[in-house]
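[1] Just a sequence and a predicted model for now, questions to come.
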Amino acid sequence: MIHPFPSERLTSHSLVPNDASSAASPSAAGKRLPSTTRNVLTGVVLLLVLTAGAYIPTPLYPGYQADLGFSDLTLIMVYAMFALVSVPSLLLFGPASDVVGRRTVLLASIVLAAAGSACFLYVGSVFWLFLGRAFHGMALGAVTGPATACVIESSAGRENKHKVWASVLATMAFVGGTAAGPFFSGVLTEWAPLPESLPYLVHFGFLAGCWILVLRMPRVGMTSLRRWRPTAPRVPRQIRRLFMAAATTGFLAWTGAGIFLATIPTVLERAVSDATTAMTGGVLGAMLLFSMATQPLIVGINPIRMQIMGLGLIGASLGVLALDGGTSLDVVLGSAVFAGAGHGLAYGGASAMLDGITPSEFRGGVNAALYLVFYMGAGVPAIAVGILTSWLSMGVAVSLMSAAASIVSIAVCIVLAIVWSRRRRGAAGE
């Protein structure tokens, strides 16, 4: 289900890559991972650490902008670089893990994440900001498929409820990392020594621990690189209508999150006189923690109802943000909390709905197409805000984009509610 972020996500052939298929035969029994618990731990830790690293710079952008003197449009494009690079990376590295083995791709993702943090650690110009974001985007695209499979495979052969919980665990790990990155970087920058360096140095330490975990994984599933092909996003005809509904919901969910992640640190820095990096990091962390807290509801609530509830919360929170313009810390924090809860419900419900109807032979293409839309939701509206800043202030641009997203979210929410109500009445009549 998140994150743009995943459940049984982004592999080109099946839920579990060649690693699991190799272990399925008696002759390959010795190649199984020594412990399912260790396998799950490795996947969760990698998702947490690499996602956190990708969002460490988020509350620090106002400081980079002040030091380097670039425009608001450049600031937004630096943020959007992550989404723009993550999309092709997801499509490239997903099938690569099926061919060269999960362990190899996970090690590559750690190297890419370290390169991204190194660019931010030694940043001297805007070029290094763009390069760092690109490396982080590639790292997250590389880790998503194989790390999620490490978690999901723990439910292989078990009843459906365990599969749902495994998917939720992978999603929560991704969102938890997205929350931890800005929160801890804001706190360390505000109160710890070496404010511009310590967050990235800490990240290097966690990456070293991830490297050790991955090295303990067996070498399985490795074949020739000649078999590697990018995943082509494909959606079978029989589920295209439901795919469009889920994709629309997911796009709007990530639009709400993207507006907060891309713009709120800068807006608060300018509008609130006593705003600090710790405050902005806390606001973003609260939004994503509430998103993570709503993910377990996937197990007990109809996914269409979850989407309706989530879009309603997103529409309301963005409407409040549009009226306030980011001038009040209390209002922004309240909006972030409700937007986070709505994000978790809407995004989780959309992903769960598709998980339940997608034929297994099409899962890779459907997931790739869905995450393509999710990343566009996180990046495109943020770019639109940057373009608006060519004529308007950042606060006004955020208000306009928030108002537009609020109106669309509420409209889609109403349409989904009407369709769902009609289907329930039809089912009851039958």
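    Looks like it came in fine.
[2] Would you mind pulling up the elements that the biggest helix by length in the chain packs against?
    If each helix of the chain is counted by residues according to DSSP state H, the longest one is helix 394-429. Applying 3 or more CB pairs under 8 Å, 6 or more residues apart in numbering; DSSP states H and E, one finds that helix 394-429 makes contact with helix 240-271, helix 303-324, helix 363-388. For glycine as for every other residue, the C-beta is placed from the backbone atoms N, C-alpha and C.
[3] Now mean pLDDT too, for those, in CSV please.
    As requested, those are exported to CSV (pLDDT from 0 to 100):
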stretch, mean pLDDT
helix 240-271, 88
helix 303-324, 92
helix 363-388, 77
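[4] Out of these, flag the one nearest F93.
    Distances from F93 to each of the helices and strands packed on helix 394-429 were compared using CB to CB; the minimum, 11.1 Å, belongs to helix 363-388.
[5] and the angle from the closest one to helix 394-429?
    Relative orientation of helix 363-388 versus helix 394-429 (axes from the mean of the first three to the mean of the last three CA atoms, to 10 degrees): 140 degrees.
[6] Could you list the buried residues of helix 363-388?
    Of the residues in helix 363-388, 363-386, 388 count as buried by neighbour count, 16 or more other CB atoms under 10 Å.
[7] ok, now stretch 199-214?
    Judged by neighbour count (16+ other CB under 10 Å), stretch 199-214 contains these buried residues: P199, Y200, V202, H203, F206, L207, C210, L213, V214.
[8] Can you tell me which of those end up in helices?
    Among the buried residues of stretch 199-214, the members falling in helices are P199, Y200, V202, H203, F206, L207, C210, L213, V214 (criterion: DSSP H).
[9] Check the fourth one and give its pLDDT.
    What that stands for is H203. Predicted confidence (pLDDT) at H203: the value is 94.
[10] How about the second one?
    As predicted, Y200 sits at a pLDDT of 93.
[11] Enumerate every residue touching it.
    For Y200, the set of contacting residues under the criterion of CB atoms under 8 Å, 6 or more residues apart in numbering consists of I56, S117, A118, F120, L121.
[12] give me the number of residues near P62?
    Other residues near P62 come to 18 when the count uses other CB atoms under 10 Å.
[13] quick one: contacts for it?
    Each residue near P62 by CB under 8 Å, 6+ apart is listed here: P265, T266, E269, T277, T280.
[14] Contacts only, for V366.
    Contact analysis of V366 by CB under 8 Å, 6+ apart lists P233, R234, V235, P236, I239, F243, L354, T358.
[15] Around the second one, how many other residues sit close by?
    Right, R234. Other residues close to R234 by other CB under 10 Å number 11.
[16] next one: A192
    Using other CB under 10 Å, A192 has 13 other residues around it.
[17] And it, how close does it get to G186?
    A192 sits 11 Å away from G186, taking CB to CB, to the nearest Å as the criterion.
[18] can you check V126 too?
    22 Å.
[19] Same question for L323.
    When CB to CB is the yardstick, L323 and G186 sit 26 Å from each other.
[20] Just give the nearest non-adjacent residue to T327, would you?
    With sequence-adjacent residues excluded and distances taken as CB to CB, 6 or more residues apart in numbering, T327 is closest to A271, at 4.5 Å.
[21] Can you tell me the element A115 falls in?
    Secondary-structure assignment from DSSP states H and E places A115 in helix 102-121.
[22] Any buried residues in whichever helix or strand comes after that helix, and which?
    Taking DSSP H and E as the definition, the helix or strand that follows helix 102-121 towards the C-terminus is helix 126-152. Within helix 126-152, the residues scored as buried using 16+ other CB under 10 Å are 126, 128-152.
[23] And the next helix or strand past helix 126-152?
    Past helix 126-152, heading to the C-terminal end, the next element that is a helix or strand (DSSP H and E) is helix 160-191.
[24] in terms of contact count, name the helices or strands touching that following helix.
    With contacts taken as 3+ CB pairs under 8 Å, 6+ apart, helix 160-191 sits against helix 36-55, helix 126-152, helix 198-215, helix 277-294, helix 329-357.
[25] Serialize those helices to JSON lines and add fields for distance to F82.
    Rendered in JSON lines, the data for those read as follows (distance: least, CB to CB, whole Å):
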{"stretch": "helix 36-55", "distance to F82": "6"}
{"stretch": "helix 126-152", "distance to F82": "4"}
{"stretch": "helix 198-215", "distance to F82": "15"}
{"stretch": "helix 277-294", "distance to F82": "14"}
{"stretch": "helix 329-357", "distance to F82": "17"}
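[26] So which of those helices is nearest Q307?
    When the helices and strands packed on helix 160-191 are compared for distance to Q307 using CB to CB, the nearest one is helix 329-357, at 4.1 Å.
[27] Check which helices and strands the closest one is in contact with.
    Applying 3+ CB pairs under 8 Å, 6+ apart, one finds that helix 329-357 contacts helix 160-191, helix 240-271, helix 277-294, helix 303-324, helix 363-388.
[28] What's the mean pLDDT across it?
    For helix 329-357, mean pLDDT rounds to 86.
[29] can you pull the buried residues of that helix?
    Taking 16+ other CB under 10 Å as the basis for neighbour counts, the residues of helix 329-357 that come out buried are 329, 332-355.
[30] and S390, how far is that from L201?
    Distance, S390 to L201, by CB to CB: 37 Å.
[31] and whichever strand or helix holds F82 with helix 363-388, angle?
    Following DSSP H and E, the helix or strand that holds F82 is helix 72-100. Angular relation of helix 72-100 and helix 363-388 on a 0 to 180 degree scale: 170 degrees, by the same axes, to 10 degrees.
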